[in-house]
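Visitor: Sequence plus predicted model, see below.
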Amino acid sequence: MLDIQTLKNFIPFNGLEDDYLKEALEKIEVQEYGKGQMLFKRGRAVSSKFYLLDGQVDLINSAFYVSTVLGQSATANNTLNPDSPTLCSAVAKSPTVRVFSIDAESLDRITAWSQSAVADNFDDFEYSTGEFEVEELGEEGGDWMAALLQAPLFSKVPLTQVQELFLRFEDVSLKKGEAVIKEGERGDYFYVLVSGSARVHNRSDSVDLVIHPGQFFGEESLLGDTPRNASVEMLSSGRLKRLNAENFNALLKAPVVRYVEDQSLEKLDKPYKLLDVKMPMEYRIHHMPGAINIPLSRLRSSLSELGRTNIYIVPDDAGSRADIAAHLLCQAGFDALILKNASQSS
């Protein structure tokens, strides 16, 4: 039976808090293989990540070079198939091999959810935590619209889409004590508080703040397709503007989160820096040459240390975390792009 303590021996689970490990355990399957059985074949797109618990597995690459992995060894702490399509075939070599697997997309979302929920020195920076990147936008009335467009995030929206953006905002009125969003639920809307006040808090108490008119929140769960990492409830009656996921992706994600391919990097009009937002252990195992490591959980508190003369290139091998990081950088006024197919470029 796989438990939380055992799961903490593996990467990236060793960087997750218990609440997220419990979520992962619900999506994990433990399997046994006999000697000679194949876990997966080289060159295939495998939707799950495999981890070795007990026994011996041989990884065989295209040159028929064999790399042996033993259960409970240091090399077994990482997934057996970090790449998709796979670069190796995996064959059970001991009488019994025990592995666990988890859907790669689920693992990506849980990891992004956990890292975006961490609050590092949140009182020291104007951007708050994870789900709730709040920024002053103005008072109730028409001024909130003008102020919204002055925020760095919205300055990247083409003027041709601005009118469409405001036309698609929905007006919502809530009473004191009513919930706007609940922690753990799937994200469905992006919000701007127009009047009243609201409290943001989570179960781990790493987030507990009051937001006021003109502040916006809710984009990260839409960017990473992850559950909400905190709850918001009204402290007084008030109004909000909200944008559904489809409109958010079309009007606020697509114009802001841009992509670049490796062969186009040298054609950029500004110097660039590679910024890897994976956890430190993941970074040590695999990263692009020259990339600096600032985990997503620490990116917000590190923004004031980043220079603005560079374009920041975020490799997409961080999955949903790359989307969140690039959007966060753009929201703070930096130039940021996501590098496509980063695992094949390194």
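Guide: In hand now; what should we look at?
Visitor: Where do the helices of the stretch 1-150 of the chain begin and end?
Guide: 4-7, 18-25, 104-116, 143-150 (DSSP state H, counting those that start in this stretch).
Visitor: right, so the ones you listed: which one is the most enclosed?
Guide: The highest mean neighbour count among the helices of the stretch 1-150 of the chain, using mean count of other CB atoms under 10 Å, belongs to helix 104-116: a mean of 23. Placement of C-beta: from N, CA and C, glycine included.
Visitor: about what we covered before: of the helices of the stretch 1-150 of the chain, which is nearest I313?
Guide: helix 104-116 (18.7 Å; CB to CB).
Visitor: Check which helices and strands that closest one is in contact with.
Guide: Where contact means 3 or more CB pairs under 8 Å, 6 or more residues apart in numbering; DSSP states H and E, helix 104-116 is packed against helix 18-25, strand 48-54, helix 219-224, helix 296-302, helix 320-331.
Visitor: show me the contacts for K270.
Guide: Counting by CB atoms under 8 Å, 6 or more residues apart in numbering, K270 touches T309, N310, I311, D335.
Visitor: Output the helices of the stretch 1-150 of the chain in CSV, with distance to V194 and mean pLDDT appended to each entry.
Guide: Formatted as CSV, the helices of the stretch 1-150 of the chain follow (distance: least, CB to CB, whole Å; pLDDT from 0 to 100):
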stretch, distance to V194, mean pLDDT
helix 4-7, 42, 95
helix 18-25, 32, 89
helix 104-116, 25, 85
helix 143-150, 6, 64
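Visitor: of those, which approaches A322 most closely?
Guide: Using CB to CB, the nearest of the helices of the stretch 1-150 of the chain to A322 is helix 104-116, at 9.1 Å.
Visitor: Check what contacts that closest one and list those residues.
Guide: Helix 104-116 is contacted by residues 12, 15-17, 20, 23-24, 27, 46-49, 84, 130-131, 220-221, 224-227, 229, 277, 279, 295-297, 319-321, 324 when judged by CB under 8 Å, 6+ apart.
Visitor: Give me the neighbour count for the residue nearest to D103 when sequence neighbours are not counted.
Guide: Distances taken as CB to CB, 6 or more residues apart in numbering place S48 nearest to D103, at 5.5 Å, with adjacent residues excluded. Number of residues near S48 (other CB atoms under 10 Å) recorded here: 21.
Visitor: just checking, S48 touches F100?
Guide: No - the criterion here is CB atoms under 8 Å, and S48 misses it with F100 at 9.6 Å.
Visitor: okay, and the helix or strand of this protein with the least pLDDT?
Guide: Taking mean pLDDT, DSSP states H and E as the measure, the helix or strand of the chain with the lowest value is helix 143-150, at a mean of 64.
Visitor: which element follows that helix toward the C-terminus?
Guide: For helix 143-150, the following helix or strand on the C-terminal side (DSSP states H and E) is helix 152-155.
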